[in-house]
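> got a predicted structure here, sequence first:
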Amino acid sequence: MKGVDDAFLGVGDKPGLDIWCIMGTSIVPIAKNLHGKFYTGNCYIVLSTAELKSGIRGHNVHYWVGEEAKEEHCVMASEKAFELDAALGSQAVQYKEMQGGESDKFLSYFRPCIIPVQGSFSSHWRRSAEECDQTTMFRCEGEHVARVTEVPFSRTSLDHKAVFIVDTPLKIFLFSGCNSSVQTRAKALDVIKHLRENRHCGRCEIGIIEDGKLVGDSDAGEFWNLFGGYAPIPRDVPDAANGELMTTTSKKLFWINKRKLVPMDAHLLDREMLKSDRSYILDCGTEIYLWLGMATLVSERKMSVTALEDYVRSQGRSSIGHTVITTEGHEIADFKLQFQHWPKNAVQKLYEAGREKVAAIFKHQGYDVAEIPEDKPQQSISSNGALKVWLVDRGCVTLLCTEEQEELYNGDCYIVQYSYVEDGKDYNLFFSWSGQNSVQEDRLASVSLMSSMSDSVKGPAVVGQVSEAREPELFFLVFKSLVIFKGGRSAAYKNSVLQKSDRTEGYQKDGAALFQVQGLRHDCARAVQVDLVASSLNSSHCYILQDGASFFTWTGSLSSPSEHAILDRMMNKLFPLKQSFLLKEGSEPDHFWKTLEGRSEYSKEKCVKGWPADPRLYTCTFQQFFGIPILQAKEVFTFCQDDLATEETLILDCSKEIYVWVGLHSGVTSKQHALDIGKMFLQAGNAQDGRRSIVDTTVYAVAEGDEPAFFTSFFNWDSSKQVAGVLGNSFERKLAMLKGISPKLEASDRSLRRSSSRRPVTSSEPTTPEQHQPPARRTFGPASASVGRVAKERSGSSPALSPSPVTPSWSSRSRASSSPSSPSTPVIAGRLFPSTLHVASATATGSPARRR
């Protein structure tokens, strides 16, 4: 390829890392066994290739600049990174990484850390033999990525806010500053493990020293003797440079006109401000972005990169902050979030749109193609579980009988419990389902009641909040066949209909109705009642039309034979022993169109199932602003199971679904608290899709130690790492493993703390209306003190509809976690999901009510 170095030809075809070092006027590929070893006198090009869920490859190009690198090598690294991007079709995102200020994304490639080495790559073989014979000292910071810096071996290098590692020929010491976090100390242990395996061949002792503790600690005495004896460490001094940079909140936007920067109004940024034939610099303080329009010429892009380097140098920020170069159509999430408005649904690239349409046509003709996603479920769950469904009505629940638990109404709210066995362990999956026309009172009550009911079951419980028309695959998989009717059966819905002037009738047994039929697989199907008009039809689907005693089954021209079989099955479920007229699209009689109020236009394009989103993991912390907790989410790049720290609350974002994972030592005290965190995450717009509604996204709450398979499938999961009840925090657990000590188990208190002596029950006996009060909402905060809510009783509106009260029970485990030779363990909140509670289920009493 013209203008591209031969070393870049053919790269980026396989997932993983490719690294080159700038040597003189050429670039030298780095062997895999040397990845992560960077010399301060060199510059490096790093290409990260990832296989995305859509089947295409995503590329990130980083050029790393050592603090002792020559200026001409820095310029060459920038040019070579641009060439590499061109070789990849100008679809990569470029990052400039300065030694000591590397981005989290860059550091995440090199677990557990990178340790820059003094000198140049040419001295590699000579230094490798010397490393094990000298004493070195490292400063370690960071909670999910370790930032390791070699510091002078001196007492003056120590402080209270970081963790320090002193590597001697016979022993490795870890000094934990009193202001360092548990997660940082745990990360430092990963670094020690790395040093022991690579510098000491796995044979050396480990000493742990805690800041301020000296009495009776032989390791501490040995550690301070290295420095000539103990001396107090001065108080920490704030980093003025970084503090000043972080206070820079105003954004600056420039249009690049022949290397000259033209200021633009950056008060309210909008996507429409960016023109495809121009390049722009967006200065956000800690990050500086260069955006290249897709219509810009190669020469203009090179000039824009030079303008970016000049701007960073003129601002005196060459050694701090991050610079990111992105091309139109390949913007990263952090860049999009700087704008007030960014289109959620980006225009699909011509190639991708064309390949999916062509592939859909070939697949419909019977050819086996892999260019479009399969219609098979992307998640799985045991099909041998037990299903229970409750109707929610004014803070009370009524258990539905077996014949009716697969019939929902869009004016109601329901609680669904699916109990199953997986890998010899009992699991419970709860859903709070809200119909599109349900009342707000029932929506709020259903989440609270679901949280309470899940506390009273035996075994791990995962809860999920879903809305009609946005259900995840798992919701339909727990039902063998589901029917969703219009209308509602709850008293709250009926009262709301009476108050409306434009009353809409629900499903009438002998009336007219149109049902859209779909299926995830042969044993999982659903029929949803849609508006009785021709515009509700779609050529990709099948339908059942009822007109009194007449029935039609309609097959779209783009529907498949498997969907036709599902159509027959749902016809037998909805209208057993009834005969229907089979109609193919285009052969409909006048009676058919008359029932649909006449002919009208409807969609005749093939509905192609979209590709699943690539999951992203975020840590969640709270900052107090005027007494109000504000959610701060930070992405964890190249995440793995080890990133699930027991002190934290993390969110796994899968676009249409998010999982709120709660560690045992986090401050989250209830399932509803966890779901509230998920809502705040969606409203804050931290993800690449911007702000999302709880109505459009399913939110799950998962507790540490109780992770189901549909959650662990996003990780390379090792069940031995997640042993329920293991003693201690992240640091204590890793220290026990590092020293070869068998992990101890925390004692669990299985006693229940109840807000009422009565268990959650269901019944068919009515109660008095004077006792009813709407359930109060839980106050949300990082340290919520609320441990219960009582759902008040109410009277049934009719003998046939007789819900009963549910009194939630809350439980907790007291976990003792102490170690005399390790950092003090934070107070452990009551466990979010009691894994084993020997109490009756919410369905233990009362008989299911048959509705007619």
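On my side now, so go ahead.
> gap between residue 681 and residue 274?
Using CB to CB, to the nearest Å, one gets 27 Å for the distance from residue 681 to residue 274. In this view, the C-beta of every residue, glycine as well, is placed from N, C-alpha and C.
> ok, those two, which is more surrounded?
Using other CB atoms under 10 Å as the criterion, residue 681 and residue 274 rank with residue 681 on top: 23 against 20.
> so that one belongs to a strand, correct?
No - per DSSP: H, G, I helix; E, B strand; the rest coil, residue 681 lies outside any strand segment and is helix.
> in terms of helix, strand or coil, where does residue 75 fall?
helix.
> ok, it - contacts?
By CB atoms under 8 Å, 6 or more residues apart in numbering, residue 75 lies in contact with nothing.
> and the pLDDT for it?
For residue 75, the pLDDT comes out at 92.
> next: residue 502.
Listed pLDDT for residue 502 reads 59.
> tell me where the stretch 551-700 of the chain has strands.
For the stretch 551-700 of the chain, the strands defined by DSSP state E, counting those that start in this stretch cover 581-584, 616-625, 628-636, 649-653, 657-662, 698-703.
> and these: which comes nearest residue 420?
Of all those, it is strand 698-703 that lies closest to residue 420, at 15.6 Å by CB to CB.
> helices and strands around that closest one, which ones?
If contacts are counted by 3 or more CB pairs under 8 Å, 6 or more residues apart in numbering; DSSP states H and E, strand 698-703 sits against strand 461-467, strand 657-662, helix 671-684.
> dump these into CSV; add distance to residue 412 as well.
As requested, the helices and strands packed on strand 698-703 are exported to CSV (distance: least, CB to CB, whole Å):
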stretch, distance to residue 412
strand 461-467, 13
strand 657-662, 23
helix 671-684, 20
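> could I get these as JSON lines with mean pLDDT and distance to residue 205?
Output for those, formatted as JSON lines (pLDDT from 0 to 100; distance: least, CB to CB, whole Å):
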{"stretch": "strand 461-467", "mean pLDDT": "96", "distance to residue 205": "43"}
{"stretch": "strand 657-662", "mean pLDDT": "97", "distance to residue 205": "35"}
{"stretch": "helix 671-684", "mean pLDDT": "93", "distance to residue 205": "41"}
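> quick one: which of those is nearest residue 692?
Taking CB to CB, helix 671-684 is the member of the helices and strands packed on strand 698-703 nearest to residue 692, at 4.5 Å.
> and the closest one, how far from the chain's centre?
12 Å (CA atoms, centre = their mean, to the nearest Å).
> same deal with stretch 267-278?
Centre-to-centre, stretch 267-278 and its host chain are 29 Å apart (CA atoms, centre = their mean).
> cool, and stretch 514-523?
From the chain centre to the centre of stretch 514-523 is a distance of 29 Å (CA atoms, centre = their mean).
> picking up where we left off before, so for residue 147, which of the helices and strands packed on strand 698-703 sits nearest?
Comparing those against residue 147 with CB to CB, the closest turns out to be strand 657-662 (24.2 Å).
> circling back to that earlier point, so which of the helices and strands packed on strand 698-703 comes closest to residue 157?
Using CB to CB, the helices and strands packed on strand 698-703 put strand 657-662 closest to residue 157, at 36.4 Å.
> before we move on, back to that, residue 211: which of the helices and strands packed on strand 698-703 is closest?
With CB to CB as the measure, strand 657-662 is the member of the helices and strands packed on strand 698-703 nearest residue 211 (29.4 Å).
> what about the closest residue to residue 340 other than its chain neighbours, neighbour count?
Leaving aside its sequence neighbours, residue 340 sits nearest to residue 268 (CB to CB, 6 or more residues apart in numbering; 5.3 Å). For residue 268, the neighbour count with other CB under 10 Å is 9.
> secondary structure element for residue 268?
Using DSSP states H and E, residue 268 sits in no helix or strand.
> worst-scoring helix or strand of this protein, pLDDT-wise?
None of the helices or strands of the chain scores lower by mean pLDDT, DSSP states H and E than strand 752-754, at a mean of 28.
> circling back: can I get the strands of the stretch 551-700 of the chain in CSV with distance to residue 570 and mean neighbour count?
As requested, these are exported to CSV (distance: least, CB to CB, whole Å; neighbours: other CB atoms under 10 Å):
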stretch, distance to residue 570, mean neighbour count
strand 581-584, 14, 14
strand 616-625, 37, 16
strand 628-636, 41, 16
strand 649-653, 34, 25
strand 657-662, 26, 25
strand 698-703, 24, 26
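> of the ones you listed, which is nearest residue 193?
In terms of CB to CB, the element of the strands of the stretch 551-700 of the chain nearest to residue 193 is strand 628-636, at 19.9 Å.
> how about residues contacting that closest one?
Here strand 628-636 makes contact (CB under 8 Å, 6+ apart) with 104, 108, 144, 333, 616-624, 643, 650-651, 677, 680-681, 684, 686, 780-782.
> from the chain's centroid, how far away is that strand?
Distance of strand 628-636 from the chain centroid (CA atoms, centre = their mean) equals 13 Å.
> and that strand, what's its mean pLDDT?
90.
> tell me the strands beside that strand, with direction?
strand 616-625 (antiparallel) (DSSP bridges).
> hmm, who's touching the partner strand?
Here strand 616-625 makes contact (CB under 8 Å, 6+ apart) with 143-144, 629-636, 639, 643, 648-653, 677, 681, 686-688, 781-782.
> who does residue 171 bridge with?
Beta-bridge partners, per DSSP bridges, of residue 171: residue 205.
> wait, it sits on residue 209?
No - Residue 171 lies out of contact with residue 209 (CB atoms under 8 Å); the separation is 11.5 Å.
> how many residues are close by the residue nearest to residue 92 when sequence neighbours are not counted?
Among residues not flanking residue 92 along the chain, residue 59 sits closest, at 3.8 Å (CB to CB, 6+ apart). Other residues near residue 59 come to 21 when the count uses other CB under 10 Å.
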